[in-house]
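> My questions are about this predicted structure, shown below with the sequence.
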Amino acid sequence: MTLIALAALVPLLPFLGAVAGLLLGRRAPGFVRPLAVLPTALAFVLAAIVAARQGTGAPTDGAHRLTVTGSVPIDLALHLDGFSVLIALLVGLVATCVQLYSVSYLRDDPRYPSYAALVSLFTAAMFLVVYSGDLMVLLVGWEIMGICSYFLVGHYWETETARSASIKAFLVTKLGDVPFLIGVFALAADADTFRISGILGAAAEGRLHHPTVVALLLLAGVAGKSAQFPLHTWLPDAMAGPTPVSALIHAATMVAAGIYLVARLLPVFTASAAALAVLAVMAAVTMIGSGLAALAQDDIKRVLAYSTIGQLGYMAGALAVADRDAAIFHLLSHGAFKALLFLGAGVVIHAAGTNSLTAMSRMGSLSKRVPDAMWTMGLALAALAALPPLSGFFSKETVLRAAEHASSGDTPHVPAAVGWTILVAGFAAAVLTAGYAGRLFLMAFRGSGPEVADHGRQPALMTTVLWVLAVPTIAFGGLTYRRLPDWFGGSSLGPTLLTSVLGTGLALAGLLIIYGAWQAATATRRAVPIGAVVAEDADAEPALVEAEAIATHEEIYGDIAAADDPGDPGRLLLGPLHRHAAHGFHLDAVYGALFVRPVQAAASLVRFLDREVVETYVRGAAGTPRLLGAAVRKAQTGNVQTYLSALLAGAVVLAVLVAVGA
């Protein structure tokens, strides 16, 4: 079998698994779990074979003409290179782990068949995006992921929180997709093709007539899909979905798609210094703003959500300084430890059993309750904080190295100011990242909150998945940073002495600061009452605990993110800024004032005009003939004497009129 045919099977298998799962889920429930796990696992194996056969060789392309449009044709094209095959490998690994984990996590969920099918479809869509060599085909996978995220985030649709989050995720990403679609058409019009290879050739030859406009239009879609400022607000709210879905979205699909697209089309962006400057500012604001917001969150999943936004900011920053190798290296590294963090959070949800979506301030010490989650999440948080020798250290320092190189003006097409912007923001974010990572570990596993009911030993399958993901978290960076340049065909990767010392020193400083603040806050913590424990049964299903937590979150505790908790080190450090950071600096309120309320007012006006004006004319148009008909109907009595009397009266009137006229 040819390499292209083998690669075509990778997205096809989970797609067929999704179709079969939807068709047979209720009729043959015994096939649900095999249909969820086996196609995705087999796709992962095939992706590994494709990666091994492609290796460090020249890119492999295959195409089939789908349709002749009369102008720019559309091809079903696949493009295999070092970037695409390695990211497909990450997608397959994380998706397989998520499906295995979900077997235990949602074992009694009545909607598990549809959930598993949508996860498979989500995976197939991301595979299509990664392997696609044509922008229109890529766009198909791009949009399928959007609709899958809508359904999966709203999995617990009985709750208002989940319903609102799913709608918000769909609308905000679609807001970015509209200019993105325009940008794709404009790019194809300039290059006279949707094929990515042809577009890159046109960019290299300077045949793009409007590179700045096209790049900015594409960036709008990237900001929505990859949750970058100012279209990042949907991602923290998307935590209302099941925790395995969060792992899939944050680690290997949806949010990675925007970064991957910019990496594939980087020559289009480097053709415009203005576009690189916009990307740099967007990345810098995202890194710092998300770090501050993460320090103020009490919900463990929202902390991880803001951390994803910040790490995507690092990747966008690497692309802003025209180093796609560093961006993809960090994307691969981040995918492993972020999936581990979210799946570990799922174990914590079951162990804590809180009514507050795992509010960290209301957790007791979980170190003895879930040792597997504690150790694996500790490793992942250390990787997130970029501590050596874990994978996050090597990949994040590579980003800082690229920014330092660009700040000296040595990177072609990249203004030195762009390099300085990313470098300063990256160092500032390093302190914040270490701070909120340390805060999460201390509050979740060393917290002084009230003890909650013991829910028993966690399912073995869930904890096994955590240790599987711990392996790349520990070893990926150190083992691969010397070999990845051969796959990427670019410059060397890895840290330099200057950025390593500064970055690691700042991370350690952030950890020391948060530890001191935690000790000070713990000493002054007041007793905070906790509501009734959910799911007292030791065999309670983790997903049901989470679903009930979502339902009762606002009812029992109100806005926990802004809770006045003196035991929170983030509150102590942020001071007056805490409440604003906890609400995401009120960006949702700004959007509500600028967009939501005007749209609602316009809708009210349209409804008034439709009901009171348009319908008035419609009712009048129908009422007038009805009245005339009623009058005529009353005249038609069927009495001959009445007709003769009317005829005689009419004749008399006519005679009088004639006489008067004469």
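Structure received.
> For the stretch 451-600 of the chain, which segments count as helices?
Remark: helices assigned in the stretch 451-600 of the chain by DSSP state H, counting those that start in this stretch are 460-480, 484-488, 497-523, 542-557, 569-574, 577-582, 587-591, 597-608.
> most packed of those?
Compared across the helices of the stretch 451-600 of the chain, helix 569-574 shows the largest average neighbour count, a mean of 22 (mean count of other Cβ atoms under 10 Å). Using the backbone N, CA and C atoms, a C-beta is placed for each residue, glycine as well.
> elements contacting that one?
helix 273-296, helix 416-445, helix 497-523, helix 577-582 (3 or more Cβ pairs under 8 Å, 6 or more residues apart in numbering; DSSP states H and E).
> Just put the helices of the stretch 451-600 of the chain in CSV and tack on mean pLDDT and distance to residue 390.
Formatted as CSV, those follow (pLDDT from 0 to 100; distance: least, Cβ to Cβ, whole Å):
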stretch, mean pLDDT, distance to residue 390
helix 460-480, 92, 6
helix 484-488, 89, 16
helix 497-523, 92, 11
helix 542-557, 55, 27
helix 569-574, 88, 23
helix 577-582, 92, 27
helix 587-591, 91, 32
helix 597-608, 91, 46
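> Would you format these as a markdown table with distance to residue 369 included?
Listed next are these as a markdown table, based on distance: least, Cβ to Cβ, whole Å:
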| stretch | distance to residue 369 |
| --- | --- |
| helix 460-480 | 12 |
| helix 484-488 | 38 |
| helix 497-523 | 19 |
| helix 542-557 | 14 |
| helix 569-574 | 22 |
| helix 577-582 | 27 |
| helix 587-591 | 35 |
| helix 597-608 | 46 |
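> thinking again about what came up before, please name whichever of the helices and strands packed on helix 569-574 is nearest to residue 108.
Minimum separation from residue 108 across these (Cβ to Cβ) falls at helix 416-445, 25.6 Å.
> For the helices and strands packed on helix 569-574, give me TSV that also has distance to residue 187.
Shown next, in TSV, are the helices and strands packed on helix 569-574 (distance: least, Cβ to Cβ, whole Å):
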stretch	distance to residue 187
helix 273-296	12
helix 416-445	22
helix 497-523	34
helix 577-582	37
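> Give me the phi and psi angles of residue 75.
phi -120, psi 140 (degrees, to the nearest 10).
> residue contacts, it?
63-66, 133-134, 137, 194-195 (Cβ atoms under 8 Å, 6 or more residues apart in numbering).
> can you rerun that using 6 Å?
63, 65, 134 (Cβ atoms under 6 Å, 6 or more residues apart in numbering).
> For the nearest residue to it once chain neighbours are set aside, which three-state class applies?
Of all residues not flanking residue 75 in the chain, residue 63 sits nearest, at 4.4 Å (Cβ to Cβ, 6 or more residues apart in numbering). Under DSSP: H, G, I helix; E, B strand; the rest coil, residue 63 falls in the strand class.
> Surely residue 63 is in contact with residue 77?
Yes. Using Cβ atoms under 6 Å, residue 63 is in contact with residue 77, at 3.9 Å.
> Quick check: neighbours shared by those two?
By Cβ under 6 Å, 6+ apart, no residue touches both residue 63 and residue 77.
> higher neighbour count, those two?
residue 77 (25 against 17; other Cβ atoms under 10 Å).
> Any figure for the gap between the more buried one and residue 264?
13 Å (Cβ to Cβ, to the nearest Å).
> Also residue 474?
Distance from residue 474 to residue 264, by Cβ to Cβ: 29 Å.
> ok so, going back, what is the lowest-pLDDT residue among the contacts of residue 75?
Minimum pLDDT for these is recorded at residue 65 (86).
> hey, what's it bridged with?
residue 75 (DSSP bridges).
> Give me the below-cutoff pLDDT ranges for this structure.
By pLDDT under 70, the low-scoring segments of the chain are 352-358, 364-365, 448-457, 524-567, 662.
> Apart from its chain neighbours, what residue comes closest to the spatially most central residue of the chain?
Closest to where the C-alpha atoms of the chain average out (Cα atoms, centre = their mean) is residue 255, at 4.5 Å. Ranked by Cβ to Cβ, 6+ apart and with sequence neighbours excluded, the top spatial neighbour of residue 255 is residue 226, at 4.9 Å.
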